[in-house]
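> 3D model of this:
(one chain, ligands or ions: 2)
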Amino acid sequence: MPTLRSATLSPAPAATPSPTAVTPSPAAAGTTPSSAAKRRMTARRAADSPDSPQFASPHKSPLAGSGHFGAPKMLSGSPKSSRKRLYGDLVPAERPKWNPRDPAQMQAVKEALHVATTPSCGLVCRDDEQRRVFEFCKACVQQERAGSLYVCGCPGTGKTLSISKVKQSVSRWADEMGMETPDDLSINCTNLGNTSDIFGKILEKFQVRKKASGKLSPLQQLQRMFSHKESAPRRMLLVVVDEMDYLITRDRAVLHDLFMLTTLQFSRCILIGIANAVDLADRFLPKLESLNCKPLVITFRAYSKDQISNIINHRLKVLEYDVFEPMAIEFCARKVAAATGDMRKALGVCRSAVEIFESGLQDSSDKGAGVVTFDHMDIALSKVFKPAVVNNILCLPQHQQMVLCALANTFQHSRKKATTLGELNKSYIEICRSTQVPAVGMLEFSNMCMILSDQGYLKLGQSKEDKLRRVTLQIDISDITFAFKGSRFFEKCLEQPKF
Ligand SMILES: Nc1ncnc2c1ncn2[C@@H]1O[C@H](COP(=O)(O)OP(=O)(O)O)[C@@H](O)[C@H]1O
Ligand SMILES: [Mg+2]
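Ligands and ions are numbered 1, 2, ... in the order given. All right, here's what the predicted structure looks like:
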């Protein structure tokens, strides 16, 4: 029996506190909307108060305050549901069954797993990092001072997503505290034609008229602007510079100049730089330190197995039904965590497993649809984490690949461990004939085999006569068949009778 769907949000999980716990409303903070100045002072008192409810627990997410980022829309079995109250434990916590043949349901699953989908249920596993970034921005806004932060971590560790959520919550917090919300600007450095264009982008935000600027470069204009009280913008500006690696590799001076903007006397910039390379901090921080401008560094560590499965499960909570066998998600999380801890990859593998499951549906007449299993995930994972040899096979020239197919055909169904070059050539010619590809001559064939031997795919013995040279395979047949899975041409090559 399906459980009741709660029309309103269920109580937030422990990691996502209720809105009031994080961002008290102006009313709660004792503010009066009539006087901005008064509001500001009162709000500050409230915020500074040791009783302030903000981040009372270090584990609470700074982002949980928004109605948009609260608990997932659909949570079944809420302990507060009227049915549960009436029937207590008699209500089975069974979820509706997934119908993968329903295109709308299938689409919803794929969307929940898509990297471009911002999880509606908020972020899990990045509470601490988000809290630290939020606290940093909050302090800058409260003290009306500039500051810089350097966020780094491997790709797919949730940096961009976390910072964009923090940015929203800083605005919301300032608004609710009756403070002026900081202006904000996001720049992705991969979109810059030139590294120094970044200063033009920041300048644009201040809408400085060209006439007033004379011949000064955008950087010089910014430097001048932030050095004089009269010209310095009063409003705080939160600048998020993503993919900052791009600035570092091309021209480190740009990076130094950028961070230095936050040290100028009247600067009100809060700069958050995000980079993938974790060792970059070591390379550019010492210089910034010597310039008295060392940013706070926050490192996003690669996701662990438990975090990956937690994130996947959390994203799937927006669905009413179970899509994966729990073991399948565990398997994916374990593999991805052991490789890179990249969430983008984990989501890609899950989507691929869903697609494999979906293509199986077409062949099956089974009406009962089932779920994505461990085996589907296994295939999806092996596609993503191909052994190096498989990738190498895929990079070989076509005729060398056909020789490997001939070898696979020779040994696949026999106990033989060796053949001769002449026999192998016959098998190769057979493949060429059936696929209508002109075969190369014996001399070239023997050269190809020598190349394959040098690369470790096969071993060639010695003989006076070329055709009698002994040939053994040095890699697994399964690597050859796996490499060519899905290629019609090579699947045909592998169908040839053995010799
Ligand atoms: N904690 C998380 N919760 C939910 N989804 C996440 C989380 N971390 C990463 N993701 C997913 O992985 C994708 C990559 O994250 P992103 O923030 O772009 O990583 P980075 O900027 O570190 O390369 C995001 O678009 C999001 O879909
Ligand atoms: Mg990113």
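> kindly report the residues of the protein close to ligand 1.
115, 119, 123-126, 153, 155-161, 311, 315, 343-344 (Cβ under 6 Å from any ligand atom). Quick note: C-beta positions are derived from backbone N, CA and C, even for glycine.
> just the buried ones from these?
119, 123-126, 153, 156-161, 311, 315, 343 (16 or more other Cβ atoms under 10 Å).
> so which of these are in helices?
Within these, residues falling in helices by DSSP state H are 159, 160, 161, 311, 315, 343.
> possible to save these as JSON lines with pLDDT and distance to residue 94?
Conversion of these to JSON lines gives the following (pLDDT from 0 to 100; distance: Cβ to Cβ, whole Å):
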{"residue": "159", "pLDDT": "97", "distance to residue 94": "38"}
{"residue": "160", "pLDDT": "96", "distance to residue 94": "38"}
{"residue": "161", "pLDDT": "95", "distance to residue 94": "33"}
{"residue": "311", "pLDDT": "96", "distance to residue 94": "25"}
{"residue": "315", "pLDDT": "94", "distance to residue 94": "22"}
{"residue": "343", "pLDDT": "96", "distance to residue 94": "30"}
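> now, which of these sits nearest residue 193?
residue 160 (21.2 Å; Cβ to Cβ).
> backbone dihedrals for the spatially closest residue to that closest one that is not a sequence neighbour, please?
Nearest residue to residue 160 in three dimensions, chain neighbours excluded: residue 242, at 5.7 Å (Cβ to Cβ, 6 or more residues apart in numbering). Dihedral pair for residue 242: phi -90, psi 160, per degrees, to the nearest 10.
> now do the contacts for the residue of the stretch 151-300 of the chain found nearest ligand 1.
Across the stretch 151-300 of the chain, the shortest distance to ligand 1 (Cβ to the nearest ligand atom) belongs to residue 158, at 2.9 Å. Neighbouring residues of residue 158 by Cβ atoms under 8 Å, 6 or more residues apart in numbering: 123, 125, 126, 129, 300, 303, 343.
> how far off centre is stretch 447-455?
Distance of stretch 447-455 from its chain centroid, counting by Cα atoms, centre = their mean, to the nearest Å, is 40 Å.
> quick one, domains of this structure?
Structural domains annotated on the chain: 19-111, 127-300, 305-385, 389-493, as defined by automatic domain parsing.
> mean pLDDT for those: which is lowest?
Least confident of those, judged by mean pLDDT, is domain 19-111 with a mean of 49.
> can you show me the strands along the stretch 351-499 of the chain?
In the stretch 351-499 of the chain, the segments counted as strands under DSSP state E, counting those that start in this stretch are 418-420, 458-460, 470-473.
> report the buried residues of the longest one.
Judged by neighbour count using 16+ other Cβ under 10 Å, the buried positions of strand 470-473 are 471, 473.
> likewise the first one?
By 16+ other Cβ under 10 Å, the buried positions in strand 418-420 come out as 419, 420.
> same question, the second one
Of the residues in strand 458-460, 458, 460 count as buried by neighbour count, 16+ other Cβ under 10 Å.
> counting contacts, what elements does it pack onto?
helix 442-454, strand 470-473 (3 or more Cβ pairs under 8 Å, 6 or more residues apart in numbering; DSSP states H and E).
> host element of residue 133?
Counting by DSSP states H and E, the element that carries residue 133 is helix 127-143.
> name the helices or strands packed onto that helix?
Partner elements for helix 127-143 (3+ Cβ pairs under 8 Å, 6+ apart): helix 36-48, strand 147-153, helix 159-176, strand 269-275, strand 296-300.
> would JSON lines of those with distance to residue 233 be doable?
Below are these laid out as JSON lines (distance: least, Cβ to Cβ, whole Å):
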{"stretch": "helix 36-48", "distance to residue 233": "18"}
{"stretch": "strand 147-153", "distance to residue 233": "16"}
{"stretch": "helix 159-176", "distance to residue 233": "16"}
{"stretch": "strand 269-275", "distance to residue 233": "9"}
{"stretch": "strand 296-300", "distance to residue 233": "23"}
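> perfect, that will be all.
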